[in-house]
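1. Following is a predicted model, sequence given first.
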Amino acid sequence: MKASDVIPPVSSVNGCSEIDVCYNVFQSLLSLLLPQHTKLMQEINEILDVDLIKQQAKAGILDFQYYANYVISVMGKLCAPVRDDKIQELSQTTEIVPVFKGILETLELMHIDMANFTIKLMRPDLIARSIDYEKTKFAELLKIQPDGLGATRKWVLKHLDTVKASNPQLHSTDKDTIVRILTAKTIDQAYLELLQWDESMPFPETVMMDEGRFRTLGEHCLRITVVGAILLVTLSSIKQLQGNSAFKELLRQHVTVLLEEAHSNKDLEKLMPNVATQVIKDIDDYLKKIGSSELDVESKRLLSGQILEIASPRTRVHEFLHQSIASPNTAPLQVPPGLSSLQAELTGVTGQFLHLVSHNRAVYGEYYCNMVASTLSSRQPSVYGKHLSPPLLSCAPGQSERRCSVLTPMRSSDSQFIHEKGSH
């Protein structure tokens, strides 16, 4: 057999010669090995000996298929399960150029898998270091700023009286528990306010680093709630289409596209007339499709009016979304039947929100607790203790102190909802 029968021509594999290909594969495989892979490293060095491969190439006896099969077998040992199908496909490929091209592409993916695995492994330590770093830097900032928590104090305490009024049973509890529970409930409501923040007010100092993320999330919430409200109003008005999932999905897609530029309630007011027109058109088109008569003029007028009113923030869906995000339940998010097509988006928004909140609470929870404790002490010293020492724990009722601290998130099952975003 001639060398030309088994060696791909120069520049035939991703523009590289056969020696370059072997060297690249050799280096790529070695970089995937962990320190404990000593025997495998020794084996690779022996079999993929670049000097030997050069000699074989010059002598015209280089067997690319042999090396390809060996490399594929090693990749099968090192790859993540998600790459098993690709490895199987490569092992059944007999043409040299496609197999080595596939090997190089798969090795790149395996490097990405390894990087993701390493990040996942280090994430707890990275998060802990990030929290400590932010705490230290913020404490340094407060030393050189007379009152670096003015906007934060106003933001948190704004919700304290409302929370106290809605939890009268707390007055029969010991003072430390009162502070812990009131702090948790107060800051929960304060976080929700960030989704509909008044742009004329300065953002609280403790969430300023995440201002862009909270504002983006708030805009996303706005669009989802409007789409959900339109679905509920439309399906409750048009009985013939209530159980039609295809129509529901079509309407959701059309309305979502029309609301892409909605970043505030003012934007909504401008866009809603076009949305109402599109909704009525979709209804008429679909009613024709299923052999029903179009809406009469009065029905169109009433439905259009209901849709235009949805721009108001006091809609049923707004309330539902806020309740679902703030709910302490650990069960997966349940949505009304009319909003089932939005379940993935609602869950995603909830997860992103909880991710931001959990990190912020871990860094600044101590400040929030001190604010609430100091305010309660100054208002009612006879009840809460004149020299109350602010507790540094923020536990839910029945939760052991070992499992809770100011790091305690709004839900104990964030992992069901959180989508990786790598923001910190």
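-> Received the coordinates, thanks.
2. pLDDT (mean, whole number) over stretch 39-59?
-> Average pLDDT, stretch 39-59: 88.
3. wait, stretch 81-97
-> Mean predicted lDDT for stretch 81-97 stands at 90.
4. Next, the buried residues of stretch 110-123.
-> Neighbour-count burial for stretch 110-123, counted by 16 or more other C-beta atoms under 10 Å, picks out M110, D113, M114. No exception for glycine: its C-beta is placed from N, CA and C like everyone else's.
5. The first one contacts P81, correct?
-> No: under the criterion of C-beta atoms under 8 Å, M110 makes no contact with P81, lying 11.9 Å away.
6. Show me the shaky parts of the protein.
-> 1-18, 171-173, 313-338, 380-424 (pLDDT under 70).
7. now the buried residues of stretch 110-123 as JSON lines including secondary structure and distance to D174?
-> Listed next are the buried residues of stretch 110-123 as JSON lines, based on DSSP: H, G, I helix; E, B strand; the rest coil; distance: C-beta to C-beta, whole Å:
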{"residue": "M110", "secondary structure": "helix", "distance to D174": "56"}
{"residue": "D113", "secondary structure": "helix", "distance to D174": "51"}
{"residue": "M114", "secondary structure": "helix", "distance to D174": "52"}
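8. Looking at those residues, which is nearest Q306?
-> Distance to Q306, by C-beta to C-beta, is smallest for D113 among the buried residues of stretch 110-123, at 50.1 Å.
9. Who are the contact partners of that closest one?
-> C79, A80, V82, R83 (C-beta atoms under 8 Å, 6 or more residues apart in numbering).
10. how near is it to K137?
-> 34 Å (C-beta to C-beta, to the nearest Å).
11. Domain boundaries for this structure, per the record?
-> The record's domain parsing of the chain by automatic domain parsing lists 3-119, 132-193+345-416, 208-317+324-343.
12. okay, those domains in JSON lines with distance to S200 next?
-> Shown next, in JSON lines, are these (distance: least, C-beta to C-beta, whole Å):
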{"stretch": "domain 3-119", "distance to S200": "40"}
{"stretch": "domain 132-193+345-416", "distance to S200": "13"}
{"stretch": "domain 208-317+324-343", "distance to S200": "12"}
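13. Out of those domains, the one nearest M201 is which?
-> domain 132-193+345-416 (7.7 Å).
14. Output stretch 99-113 in CSV, but only the C-alpha positions, please.
-> Extracted in CSV, the C-alpha atoms of stretch 99-113 (Å, rounded to 0.1, in the frame of the first residue of the first chain):
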residue,chain,number,x,y,z
VAL,A,99,-12.8,11.1,10.5
PHE,A,100,-9.9,13.4,11.5
LYS,A,101,-12.0,16.5,10.8
GLY,A,102,-14.6,15.0,13.1
ILE,A,103,-12.0,14.2,15.7
LEU,A,104,-10.7,17.8,15.8
GLU,A,105,-14.2,19.2,16.1
THR,A,106,-15.2,16.8,18.8
LEU,A,107,-12.0,17.5,20.8
GLU,A,108,-12.9,21.2,20.7
LEU,A,109,-16.4,20.4,22.2
MET,A,110,-14.7,18.2,24.8
HIS,A,111,-12.6,21.1,25.9
ILE,A,112,-15.7,23.2,26.3
ASP,A,113,-17.3,20.4,28.3
